[in-house]
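Peer 1: What follows is a predicted structure for the sequence shown.
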Amino acid sequence: MSLKKMIKSFREELKRKSIVREELFSTSRKITFLSKLSIMAIHRDDFSNAKEKLSEAEKMLKKMNDLTSIHQELITGSMRIAYQEYAEAKIFLKIVEHDIFPTPHEINIPTIAYLLGLADAIGEFRRRALDSLRKNRSEIAEISLQYMENIYLELISLEGAYRLIPELRRKCDIARRLIELTMGELSTETRRRSLEKAIYRLEKKISVEKDTDNSGDDI
């Protein structure tokens, strides 16, 4: 084959790959967006909407997997982010709704993307803990903190994997700070409520004593 014909075939091949690349980029952006919407719905306890968004994302994820299985050289950072966001949303939903950790195989996500999504879920449990405190749902806040701690402890046990997944170390460092902050905020809120209850009991006691004194005066 002449060089001219060879270059022509390359040009046609690269044109096809360019079209696939744009399709992959668009698909990965949609997966990321739908996953974020799902997480927002979970925070509202709107599990039906969360599942609907993840179902749409799952279809697009399958499409992305099919394309990248043929064009592995076209995998980019935006696609890796899409995997992580989807994993984070699926993990968060399963734990909140069913107290279950889904496996990477069950949600069709590579192990590394799963681990990074799991680390990101710690931040969502912090938000859930703080939202629960504002709504006077301290039990849910405590449970959320427990999940944060459990996930963190399991992830740092993978210290040997930091060379393979350098981003995991950074996420674990962030997670540790989030846990410390959340523990402090829960502790402060617990003390505040204990003080409120003590003040309420004292006021009630003073009110009863006044009523008793007033009734004695009438006699």
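Peer 2: Cool, got the structure.

Peer 1: So the protein: which segments form each domain?
Peer 2: In the domain annotation for the chain, the residue ranges read 1-98, 110-210 (automatic domain parsing).

Peer 1: Quick one: distance of the shortest one to the chain centre.
Peer 2: Here the centre of mass of C-alpha atoms in domain 1-98, compared against the chain's by CA atoms, centre = their mean, to the nearest Å, lies 18 Å away.

Peer 1: Check the longest one too.
Peer 2: Between the mean C-alpha point of domain 110-210 and the mean C-alpha point of its chain there is a distance of 13 Å (CA atoms, centre = their mean).

Peer 1: one step back: take the domains of the chain and lay them out in TSV including mean neighbour count, mean pLDDT and distance to P104.
Peer 2: Where you see a C-beta, it was placed from the backbone N, CA and C, and this is true even at glycine. As requested, the domains of the chain are exported to TSV (neighbours: other CB atoms under 10 Å; pLDDT from 0 to 100; distance: least, CB to CB, whole Å):
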stretch	mean neighbour count	mean pLDDT	distance to P104
domain 1-98	16	92	8
domain 110-210	15	88	4
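
Peer 1: List the contacts of the residue lying closest to I140 once chain neighbours are set aside.
Peer 2: Ranked by CB to CB, 6 or more residues apart in numbering and with sequence neighbours excluded, the top spatial neighbour of I140 is S132, at 4.1 Å. Counting by CB atoms under 8 Å, 6 or more residues apart in numbering, S132 makes contact with S138, E139, I140, A141, S144.

Peer 1: In strands only, show me these.
Peer 2: Residues of these located in strands (DSSP state E): none.

Peer 1: any chance of the residues you listed in JSON lines, plus distance to Y83?
Peer 2: Shown next, in JSON lines, are the contacts of S132 (distance: CB to CB, whole Å):
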{"residue": "S138", "distance to Y83": "35"}
{"residue": "E139", "distance to Y83": "33"}
{"residue": "I140", "distance to Y83": "29"}
{"residue": "A141", "distance to Y83": "30"}
{"residue": "S144", "distance to Y83": "24"}
